[in-house]
Structures are given as C-alpha cells and as structure tokens.
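In: Show me the folded form of this:
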Amino acid sequence: MRTDSSPGNLPAREHLPAGSAGTPVLDVVIPVYNEEKDLQPCVVRLHEHLKRTFPYAFRITVADNASTDTTPQVAARLESEIPEVRSFRLEQKGRGRALRTVWSASDAPILAYMDVDLSTDLNALLPLVAPLISGHSDLAIGSRLARSSRVVRGAKREFISRTYNLILRGSLQARFSDAQCGFKAIRRDVAQILLPLIEDTGWFFDTEMLVLAERAGLRIHEVPVDWVDDPDSTVHIAKTATDDLKGVWRVGRALATGSLPLDRLARPFGDDPRDRDLTDVPKGLARQLVGFCVVGALSTLFYLLLYSAFRSFSGSQVANALALLVSAVANTAANRRLTFGVRGRGSAVRHQAQGLVVFGIGLALTSGSLAALNAATSSPAHSTELAVLIAANLAATVLRFLLFRAWVFPERRDETAASTVIASHQPASPTYGTASPTYGTTAAHQQHPHPPLPQRPGPTAPQAPYINHDHNQTNEFRAGEAADRTWGDATMQLQAVRPHDHDPRDARDAR
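Out: Predicted structure coming up:
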C-alpha cells in the first residue's frame with residue numbers, strides 16, 4: 001500500500017464517456033503466422049459480429065509475424081475491402097512482439113487480441129472489454145478453467161494447461177486462473193507503462209504481462225468463455241512449455257530481487273479504498289485481534305486447568321465460578337498490557353473492576369450452559385461438560401473482546417486538538433491519441449482531456465447538460481470531478497470535525 005499522497009504514473013480509472021469521434025474505442029489485434037487459409041474467414045466473422053453487437057467504433061488489426069506464405073496478400077486485400085480492417089507487417093516472428101508493436105502504436109483506449117482460429121466464442125468479447133470501458137478493471141482475460149466455462153479439447157491439452165497454471169500458482173503466486181487463453185484485453189493507459197517492462201516476445205508474453213500487472217496491484221477481470229480446441233493448431237507444445245518454464249524462472253528471479261520497477265504502475269493515492277483515511281474504521285484492529293486471540297487461548301487453557309482442579313473438591317457451578325474469577329483477573333491484566341498496550345498502574349483498579357463486569361457476563365453464559373446441560377441429563381460426563389464450556393467460552397470471548405475494546409480499553413482520542421490535512425490532488429487523465437490529431441494537442445483536447453468515446457452512426461437520444469440553476473449557466477465537467485469538487489483548486493484543506501462542531505447551515509435548516 002502506498003503511504004504518500006503523490007499520484008502514481010497511472011491515472012485513476014474512470015468510465016470512458018460515450019459520444020462520437022473518429023478514433024475507435026476498441027482495437028482487436030489478430031497475430032498471424034502463415035494463416036492464409038484461416039485469416040479471411042476469421043476477420044469476416046469477427047467483423048460481422050462486432051458490426052452487429054458492439055455499440056462503439058472498432059478496428060481489427062492483422063499483425064503478420066513474418067509469414068512466408070500469402071498471408072500478407074490476404075491481409076492487404078481485407079484492408080482494402082473492409083474499412084475497419086488494418087494490416088501490419090513484422091519481419092520477425094513472435095506473438096508477444098506483434099502484440100507489443102501494434103498495441104504500442106494504437107490510438108484506441110481499449111486494446112484486445114484473439115487467436116486467428118476463433119476458438120473462443122465471440123459472445124464473450126463484449127463482457128471482456130466492458131469492465132475496461134467502465135473503468136472497473138485494468139486488464140481482462142478469458143478463462144477456460146472457470147467453473148461456468150464450456151470447453152471442448154483433448155485430455156493432453158487439458159492436462160498441460162492445468163499443470164502450467166498450477167506451476168504459476170505455486171511459483172509466482174498467480175491468482176488468475178488461465179494465463180494462456182488467446183483472448184485478452186487491456187486499457188491503453190496501462191499498456192503504455194506495462195509493455196516496456198515485459199521482456200518476452202513469444203508465447204510467454206501473456207503470462208509475464210498478467211504476473212507483473214497482478215504484482216503491481218492492477219485489477220484483472222476474468223470472463224468464463226466457451227472454447228473449442230483447434231485440432232490443426234501449429235503450436236509446438238514441447239518448445240512452448242520449455243520457453244514458458246524459462247520465463248517463469250526469469251520473472252520469479254526478477255520479482256525476488258526487486259529489479260522490476262512495478263511502482264510505475266501505481267495508481268494515484270486514494271484510488272484504492274484501502275488508501276483512504278476512514279474515521280469510522282478502528283485502527284490497530286488486526287494487531288489487537290491477534291493479541292487477544294493469543295491471550296484468550298492461554299486464558300482458556302488456564303481456565304480449563306483451574307476448573308479441573310476445583311472440580312475435584314467442589315461442584316461444577318462452584319468450580320466454574322472460581323476458575324472464571326481467577327482466569328478473568330489474569331486475562332484482564334494480560335490484555336491490558338499485551339493487547340491494548342496500556343502501561344503503568346494508572347486506572348488499573350478501574351480496569352480490573354470493569355473486567356469483572358465482563359467476567360460476570362461470561363459467568364452467566366457458561367453457568368447458563370451448564371444449567372442447561374444438567375437439565376438435559378442428570379449425570380453428564382466430564383468430557384461433555386468441558387465441550388459445553390468450550391462452546392460457551394467461545395461466545396463469551398467474542399463479546400469480551402468487543403467490550404474490552406469499546407468500554408474497558410477504549411481508544412484515547414484528543415478531541416480538543418484540531419488538525420489540518422492538506423492533500424495535493426491533481427486529477428490525471430489518460431490521453432488517447434498518439435496517432436490521431438483529434439486527441440493530441442488541440443485546444444479542444446486541452447479543455448476536455450477525456451475525449452468522448454466514438455460510436456457508430458445511429459439514432460441517439462440527446463443528453464441534457466448539467467444546469468446550474470443558481471447562476472443560470474451551463475457547466476460541463478466529469479462525474480469524478482463533481483463528486484470530489486476538485487476542478488477549481490488542486491489543493492484542499494480539510495478541517496477535522498469534532499463532536500461539538502456544527503454547521504451554521506443547520507440553524508437555517510431548522511427555521
């Protein structure tokens with residue numbers, strides 16, 4: 001977690017606004033090598049699907065990896081016949097190299113790729129990119145290993161795929177389920193910083209990208225897919241598996257030595273809910289829970305030993321009361337010092353008195369459970385008594401912790417001291433336009449750094465602008481700016497609100 005207030009190199013995720021412009025929202029890259037037979041059916045089918053179902057402008061880019069057959073000619077013909085198709089020629093092989101090159105040069109805010117065989121059902125394409133458009137996620141992947149996925153493939157490929165993902169989980173602590181499914185998408189602002197960190201240019205490119213993104217704290221969205229294996233696939237399984245294992249070793253070593261500058265992928269401070277200073281959330285809760293559990297376990301053991309000792313010469317109720325009394329005093333003293341960090345003799349007597357009240361509640365729970373047991377059976381076994389007491393003590397323990405924290409050892413707060421928090425907030429926004437002058441340095445872009453998402457022509461309902469009824473003027477601003485009121489001044493001074501503070505507007509409201 002970041003501990004400063006300076007923004008990272010990535011802007012805060014935002015929903016890309018809809019509108020009309022010349023640059024496509026989605027750029028789907030199809031890396032190919034000697035695919036003269038499958039390329040045209042793939043592109044035509046994908047284009048028809050996007051034309052029918054995708055609500056925004058799109059582009060299909062064929063990335064030729066140094067093919068030696070007629071694949072370049074097929075790609076050029078498709079580019080001339082279909083306006084949304086582009087072709088790109090690389091003189092070196094490597095799927096990772098093709099994706100890095102095309103994605104780096106693309107001006108679309110959402111970048112995706114899929115295999116030319118279209119093994120993945122295209123109905124998953126819109127669910128794949130929707131979380132990226134909305135600003136919810138940074139990357140999205142199709143998963144063949146999700147429970148709701150429907151997959152048709154041989155046992156050999158199934159075994160290899162699951163084994164590989166188990167290796168990733170065990171060696172790189174990966175939490176995503178399917179690293180090698182040829183169906184992924186990424187936001188362009190993330191790709192601009194993430195791609196230079198990826199070394200692999202082949203099949204391990206996907207895995208390296210996902211591992212680095214996950215380690216940097218980026219959000220990866222998984223989409224269950226329907227997938228049918230291509231029996232004519234030209235992938236060399238043995239060589240690919242060997243290269244992947246080498247890549248796992250290389251990335252694991254880099255992560256262990258800290259040589260990867262993953263801080264470049266940090267979001268601005270405050271974008272993560274864990275970065276926010278929430279006044280209603282108690283601090284130090286995790287540490288106190290651990291300390292309380294340790295003290296509680298030792299106290300329970302001490303209580304059971306005392307109960308067994310007292311039970312040898314007294315009845316169950318007397319033994320329980322004596323054992324609880326002695327262990328409660330010891331428990332309060334231990335929690336006072338170890339769990340809640342109270343030092344010295346000040347208020348020690350008061351703390352013990354309050355602890356005895358808590359002890360009384362525990363006594364009522366445990367005594368009530370023993371009374372219920374004795375009512376159920378006239379002569380319960382000693383082991384049964386211990387089991388009932390353990391269950392009752394667990395319930396009493398939860399209540400004891402809450403009372404200790406809120407009543408016996410409450411957080412000491414200085415309600416008389418005012419504090420001033422100065423947060424430097426400079427909203428950063430992705431710029432979509434390395435290849436298009438529309439998104440570059442024009443005055444319109446400088447005024448509105450978030451250009452609207454382009455849509456295909458069609459009937460659209462006009463959207464009413466935001467009207468400021470107080471001043472009878474029209475203002476345009478992003479929803480994120482309206483929420484935090486930061487479009488006017490980048491520096492905000494926040495005064496701590498104390499219980500006796502009041503808002504002068506309350507008096508007006510009361511009238």
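In: Would you map the helices across the stretch 151-300 of the chain?
Out: For the stretch 151-300 of the chain, the helices defined by DSSP state H, counting those that start in this stretch occupy 155-172, 188-194, 205-215, 237-257, 285-311.
In: show me where pLDDT drops low in the chain?
Out: Low-confidence segments of the chain, defined by pLDDT under 70: 1-9, 17-21, 231-237, 267-284, 411-511.
In: Can you tell me the centre-most residue of it?
Out: The geometric centre of the chain, computed from its C-alpha atoms, lies nearest to Arg219 (Cα atoms, centre = their mean), at 4.3 Å.
In: I'd guessed Glu199 sits against Phe205; true?
Out: No - under the criterion of Cβ atoms under 8 Å, Glu199 makes no contact with Phe205, lying 9.0 Å away. In short, each C-beta sits where N, CA and C put it, glycine included.
In: Looking at those two, which one has more neighbours?
Out: Between Glu199 and Phe205, Phe205 has the larger neighbour count (other Cβ atoms under 10 Å), namely 22 against 13.
In: check contacts around the more buried one.
Out: Gly94, Arg95, Gly96, Leu99, Arg100, Ile198 (Cβ atoms under 8 Å, 6 or more residues apart in numbering).
In: ok, now with 7 Å
Out: Arg95, Gly96, Leu99, Ile198 (Cβ atoms under 7 Å, 6 or more residues apart in numbering).
In: out of those residues, who's nearest Phe340?
Out: When these are compared for distance to Phe340 (Cβ to Cβ), Ile198 wins out at 47.9 Å.
In: In this model Gln192 seems to touch Leu111, though I could be wrong.
Out: No - shown here, Leu111 and Gln192 do not form a contact pair, counting by Cβ atoms under 7 Å, at 10.1 Å.
In: Could you check which of the two is surrounded by more residues?
Out: Comparing Leu111 with Gln192 by other Cβ under 10 Å, the one with more neighbours is Leu111, at 26 against 17.
In: That one: what secondary structure?
Out: The three-state label given to Leu111 by DSSP: H, G, I helix; E, B strand; the rest coil is strand.
In: Quickly note the distance from it to Arg405.
Out: 49 Å (Cβ to Cβ, to the nearest Å).
In: what's the answer for Thr366, then?
Out: Here Thr366 is placed at a distance of 21 Å from Arg405 (Cβ to Cβ).
In: Looking at these two, which has the bigger crowd around it?
Out: Taking other Cβ under 10 Å, Thr366 and Arg405 do not tie; Thr366 has more neighbours (25 against 20).
In: Sticking with the more buried one, tell me its helix or strand.
Out: helix 348-376 (DSSP states H and E).
In: Would you mind identifying the next helix or strand past that helix?
Out: Using DSSP H and E, the helix or strand that directly follows helix 348-376 along the chain is helix 382-403.
In: other SSEs contacting that next one?
Out: Counting contacts by 3 or more Cβ pairs under 7 Å, 6 or more residues apart in numbering; DSSP states H and E, helix 382-403 packs against helix 285-311, helix 348-376.
In: Redo these as a markdown table? Include distance to Phe183.
Out: Below are those laid out as a markdown table (distance: least, Cβ to Cβ, whole Å):
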| stretch | distance to Phe183 |
| --- | --- |
| helix 285-311 | 38 |
| helix 348-376 | 55 |
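In: Is it correct that Gln40 is in contact with Glu79?
Out: No - using Cβ under 7 Å, Gln40 makes no contact with Glu79, being 11.6 Å away.
In: Tell me which of those two has more neighbours.
Out: Glu79 (18 against 15).
In: ok now do the more buried one, which residues does it touch?
Out: So Glu79 contacts Val85, Arg86, Ser87 (Cβ under 7 Å, 6+ apart).
In: Surely the last one is in a helix?
Out: No - membership of Ser87 in a helix is not supported by three-state DSSP, which gives strand.
In: Surely it and Val74 touch.
Out: No - applying Cβ under 7 Å as the test, Ser87 and Val74 come out as separate, 8.9 Å apart.
In: Straight-line length of stretch 330-341, end to end?
Out: One end of stretch 330-341 sits 15 Å from the other (Cα to Cα, to the nearest Å).
In: and that stretch, which residues are buried?
Out: For stretch 330-341, burial by neighbour count (16 or more other Cβ atoms under 10 Å) applies to Ala330, Asn331, Thr332, Ala334, Asn335, Arg336, Thr339, Phe340.
In: wait, which of the residues you listed is closest to Phe183?
Out: Thr339 (50.0 Å).
In: for the closest one, what are its contacts?
Out: Thr339 neighbours (Cβ under 7 Å, 6+ apart): Gln288, Gly291, Phe292, Val295.
In: Make a markdown table out of those residues and add distance to Asp178.
Out: Below are these laid out as a markdown table (distance: Cβ to Cβ, whole Å):
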| residue | distance to Asp178 |
| --- | --- |
| Gln288 | 40 |
| Gly291 | 41 |
| Phe292 | 41 |
| Val295 | 44 |
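In: Return the member of those nearest to Arg253.
Out: Gly291 (37.2 Å).
In: number of nearby residues for that closest one?
Out: So Gly291, with other Cβ under 10 Å, has 18 neighbours.
In: Show residues contacting stretch 34-42.
Out: Under the criterion Cβ under 7 Å, 6+ apart, residues 30, 32, 62, 67-71, 74-75, 78, 116-118 lie in contact with stretch 34-42.
In: List only buried entries from the residues you listed.
Out: The neighbour count (16+ other Cβ under 10 Å) marks Ile30, Val32, Val62, Ser67, Thr71, Val74, Ala75, Leu78, Val116, Asp117, Leu118 as buried among the contacts of stretch 34-42.
In: In a markdown table: the residues you listed, plus secondary structure.
Out: Below are these laid out as a markdown table (three-state DSSP):
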| residue | secondary structure |
| --- | --- |
| Ile30 | strand |
| Val32 | strand |
| Val62 | strand |
| Ser67 | coil |
| Thr71 | helix |
| Val74 | helix |
| Ala75 | helix |
| Leu78 | helix |
| Val116 | coil |
| Asp117 | coil |
| Leu118 | coil |
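In: Need the max-distance pair from these.
Out: Spatially, the most separated pair among these is Ser67 and Leu118, at 18.2 Å (Cβ to Cβ).
In: which one is Arg215 nearest to, not counting chain neighbours?
Out: Distance criterion Cβ to Cβ, 6 or more residues apart in numbering; nearest residue to Arg215, sequence neighbours excluded, is Leu262 at 5.7 Å.
In: what about the one you found, how many residues close to it?
Out: Using other Cβ under 10 Å, Leu262 is surrounded by 17 other residues.
In: Enumerate every residue touching it.
Out: Leu262 touches Leu212, Arg215, Ala216, counting by Cβ under 7 Å, 6+ apart.
In: repeat that with 8 Å
Out: Residues in contact with Leu262 (Cβ under 8 Å, 6+ apart) are Leu197, Leu212, Arg215, Ala216.
In: do you know how far it is from Arg287?
Out: 27 Å.
In: Asn374 now?
Out: Counting by Cβ to Cβ, the gap from Asn374 to Arg287 is 40 Å.
In: Also Leu399?
Out: 20 Å.
In: dump the residue contacts of the residue lying closest to Thr101 once chain neighbours are set aside.
Out: Leaving aside its chain neighbours, Thr101 sits nearest to Leu90 (6.2 Å; criterion: Cβ to Cβ, 6+ apart). Listed by Cβ under 8 Å, 6+ apart, the contact set of Leu90 reads Ala63, Asp64, Asn65, Ala66, Arg97, Ala98, Thr101.
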